[in-house]
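Novice: Got a sequence here, can you build the structure:
(chains A, B, C and D)
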Number of protein chains: 2
Amino acid sequence: MEERQISKAVIKRLPRYYRYLGEILNSGVERISSGELSNKMQVTASQIRQDLNNFGGFGQQGYGYNVKYLHDEIGKILGVDRIHPMIIIGGGNFGHALANYDFEKDGFVTKAIFDVRPELDGTDIRGIPVMMMDRLEDFVSREPVEIAVLTLPKSRVAEVARRLTCCGIRALWNFAHLDLDVPEGVVVENVHLSDSLMQLSYRISNYEEEQG
Amino acid sequence: MEERQISKAVIKRLPRYYRYLGEILNSGVERISSGELSNKMQVTASQIRQDLNNFGGFGQQGYGYNVKYLHDEIGKILGVDRIHPMIIIGGGNFGHALANYDFEKDGFVTKAIFDVRPELDGTDIRGIPVMMMDRLEDFVSREPVEIAVLTLPKSRVAEVARRLTCCGIRALWNFAHLDLDVPEGVVVENVHLSDSLMQLSYRISNYEEEQG
DNA sequence: AACTATTTGACAAGAAATTGACAGGGATTT
DNA sequence: AAATCCCTGTCAATTTCTTGTCAAATAGTT
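Specialist: Residues are numbered from 1 along each chain as shown, chains lettered A, B, ... in the order given. All right, here's what the predicted structure looks like:
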């Protein structure tokens, strides 16, 4: 299956298409044209068609797109039709919040939370067990964990990332304000909240017409 | 002061420059060339020079850039040299986590947390008072609040955003998985965690050479 | 069954972002 | 003080991304 490289800009837009299509699907609409979707989403119809065509033709001339079919197909492309077992490293406020988030409907299931504080050992969050860091390698080797969520202090993240990649983790969702250096084959997705906040701050100071 | 529009791509990179320069500054380095920074940051030197030149020439031929000066200037551009009073709407896990985050060093100071649960009324998080939602308009009118952080359930966000923009809030940092519709002049920065996770999921399934 | 209205997929044109190249000015060395 | 080296700012080339256009195909209508 030789496909040409899909651009990052396209991938970034897919979750938004997925979300809108899900809502449209729930509202009971069966079919939609790129033009209608374009109106709802405030992007050009041309871009929608072009984006979708990267993955093959999901529509039909004179009809448009079947909402359920398109939603499902985008789900497959994004991988949300599969189960992705996760572990959260760092049981602080953020780890706690993420453990309570409803990612499960998209297949992201948290299997365990790791921390260093002895008082948390043996406790659980919404049924998800909290374990001590020394059991990390053991757990990851035995259980089919795909994604590790990093919500621990900046100073300890690099070391933990090394341990995780050593025992076979292929994906890191990194909340630490730090660029991780990982071996070939490991994917890292950063959530740099301060960066986001600084962009907001810039836009407050330099307000100009938005494309809203 | 008539400046031409700076592209979003450039703004998105500024916080990262700011972070690296801060670290370099802390390590005691006084000057740096675009080439050295390029190595550290894994972007082209040309891009660094081009990005910085959007805001004027901060460097000097034969010398490079003064780290402290450049760091400060980017800070000013991003607005982190000023105080940005914030309020957090939604005192759940996420609101709680954000209230404990150390955004203050960059000038983002949380003044209050709003919630609907009566049992939280009068409590505080790290000294930040938790208030009931009915005091929202009153508080925002009296205090110089700039940014509202939205960490409440999807179903209630739109209504709260309307209330906030009505009483003069100019910036929303939105954690709800929903695109907000706001009046002209209000800036919204979204943090869509599920989108980020879905992009990670895509990249797990479709791994190919990264530009790392 | 023929006709009209829709609407995709493909392609080309246009816009934007990134990279490469280099002249010129300042720093450093001899 | 002169010569050499370094490195920016800028411009041009290239690449990537976005938008507009239209033939062809299907749906719906008469």
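
Novice: Return the residues of chain A in contact with DNA strand C.
Specialist: Residues of chain A lying close to DNA strand C (C-beta under 7 Å from any atom of the strand) are A:33-35, A:45-46, A:49-50, A:52-53, A:57-65. (Glycine included, C-beta is placed from N, CA and C.)

Novice: Can you select the buried ones from those residues in PyMOL?
Specialist: Of the residues of chain A next to DNA strand C, the buried ones can be selected in PyMOL as follows, counting by 16 or more other C-beta atoms under 10 Å in any protein chain shown:
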select buried, chain A and resi 33+34+49+52+58+59+64+65
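
Novice: Show only the entries of the residues of chain A next to DNA strand C found in strands.
Specialist: Using DSSP state E, A:59-60, A:64-65 are the members of the residues of chain A next to DNA strand C that sit in strands.

Novice: which residues of chain A fall in helices?
Specialist: A:8-26, A:34-41, A:45-53, A:67-78, A:93-100, A:136-142, A:154-166, A:193-205 (DSSP state H).

Novice: Can you report the mean pLDDT over the residues of the shortest one?
Specialist: Averaged across helix A:136-142, pLDDT comes to 97.

Novice: Quick one: list the elements packing against it.
Specialist: When contacts are defined as 3 or more C-beta pairs under 8 Å, 6 or more residues apart in numbering or on different chains; DSSP states H and E, helix A:136-142 packs onto strand A:84-89, strand A:108-115, helix A:154-166.

Novice: Pull out the buried positions in it.
Specialist: A:136, A:139-140.

Novice: which bits of chain A sit near DNA strand D?
Specialist: A:7-10, A:43-44, A:46-47, A:50, A:60-63.

Novice: Can I get the helices of chain A in CSV including distance to residue B:204?
Specialist: Formatted as CSV, these follow (distance: least, C-beta to C-beta, whole Å):
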stretch, distance to residue B:204
helix A:8-26, 12
helix A:34-41, 26
helix A:45-53, 20
helix A:67-78, 10
helix A:93-100, 18
helix A:136-142, 16
helix A:154-166, 14
helix A:193-205, 23
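
Novice: With respect to residue B:110, which of the ones you listed lies nearest?
Specialist: helix A:193-205 (11.5 Å; C-beta to C-beta).

Novice: So which of the buried residues of helix A:136-142 is the closest to DNA strand D?
Specialist: Nearest to DNA strand D among these: residue A:140, at 33.7 Å, using C-beta to the nearest atom of the strand.

Novice: Now the closest one. Nearest residue, chain neighbours left out?
Specialist: residue A:167 (4.7 Å; C-beta to C-beta, 6 or more residues apart in numbering or on different chains).

Novice: residues in contact with that neighbour?
Specialist: A:136-137, A:140-141 (C-beta atoms under 8 Å, 6 or more residues apart in numbering or on different chains).

Novice: what pairs with the residue nearest to residue A:63 when sequence neighbours are not counted across the strands?
Specialist: With C-beta to C-beta, 6+ apart as the criterion, residue A:63 has its nearest non-adjacent residue at 6.4 Å, and that residue is residue A:31. Going by DSSP bridges, residue A:31 is paired in beta bridges with residue A:66.

Novice: and residue A:31, how many neighbours?
Specialist: 16 (other C-beta atoms under 10 Å in any protein chain shown).

Novice: Does it touch residue A:67 like I think?
Specialist: Yes. If you go by C-beta atoms under 8 Å, residue A:31 and residue A:67 touch, sitting 6.3 Å apart.

Novice: Tell me where the model's unsure across chain A.
Specialist: A:1-4, A:208-212 (pLDDT under 70).

Novice: again, 90 this time
Specialist: Applying pLDDT under 90 to chain A flags residues A:1-5, A:102, A:207-212.

Novice: which residues are contacting stretch A:139-159?
Specialist: Stretch A:139-159 has contacts (C-beta under 8 Å, 6+ apart) with A:84-90, A:92, A:94-95, A:98, A:108, A:110-112, A:114, A:131, A:160-161, A:164, A:167-178, A:180-181, B:200, B:204.

Novice: For that stretch, output the C-alpha coordinates as CSV.
Specialist: This file holds the C-alpha atoms of stretch A:139-159, laid out as CSV (Å, rounded to 0.1, in the frame of the first residue of the first chain):
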residue,chain,number,x,y,z
PHE,A,139,3.5,-3.2,33.8
VAL,A,140,4.4,-2.0,30.3
SER,A,141,6.0,-5.3,29.4
ARG,A,142,3.1,-7.3,30.5
GLU,A,143,0.2,-5.1,29.3
PRO,A,144,-0.4,-3.9,25.8
VAL,A,145,0.1,-0.2,26.5
GLU,A,146,0.3,2.0,23.4
ILE,A,147,0.4,5.5,24.7
ALA,A,148,2.0,7.1,27.7
VAL,A,149,0.7,10.4,28.9
LEU,A,150,3.4,12.5,30.5
THR,A,151,2.0,14.9,33.2
LEU,A,152,5.0,15.0,35.5
PRO,A,153,7.4,17.8,36.4
LYS,A,154,9.7,19.0,33.6
SER,A,155,12.8,17.9,35.6
ARG,A,156,11.8,14.3,35.5
VAL,A,157,10.2,13.9,32.1
ALA,A,158,13.3,13.2,30.0
GLU,A,159,14.3,10.3,32.2
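
Novice: okay, the helices and strands packed on helix A:136-142 in JSON lines with mean neighbour count next?
Specialist: Formatted as JSON lines, these follow (neighbours: other C-beta atoms under 10 Å in any protein chain shown):
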{"stretch": "strand A:84-89", "mean neighbour count": "23"}
{"stretch": "strand A:108-115", "mean neighbour count": "22"}
{"stretch": "helix A:154-166", "mean neighbour count": "16"}
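
Novice: burial measure for residue A:70, as a count.
Specialist: 22.

Novice: excluding its backbone neighbours, what's nearest it?
Specialist: residue A:58 (5.1 Å).

Novice: Residue A:83 too?
Specialist: Distance criterion C-beta to C-beta, 6+ apart; nearest residue to residue A:83, sequence neighbours excluded, is residue A:107 at 5.0 Å.

Novice: Against residue A:71, how distant is the closest residue to residue A:65 other than its chain neighbours?
Specialist: Using C-beta to C-beta, 6+ apart and skipping residues adjacent in sequence, the residue nearest residue A:65 is residue A:59, 4.4 Å away. Distance, residue A:59 to residue A:71, by C-beta to C-beta, to the nearest Å: 13 Å.

Novice: List just the nearest of the buried residues of helix A:136-142 to residue A:122.
Specialist: residue A:139 (14.3 Å).

Novice: What backbone torsions are found at the residue in chain A sticking out farthest from the centre?
Specialist: Most distant from the centre of chain A: residue A:62, at 34.3 Å, with distances by C-alpha atoms, centre = their mean. For residue A:62, the backbone dihedrals (degrees, to the nearest 10) come out as phi 80, psi -10.
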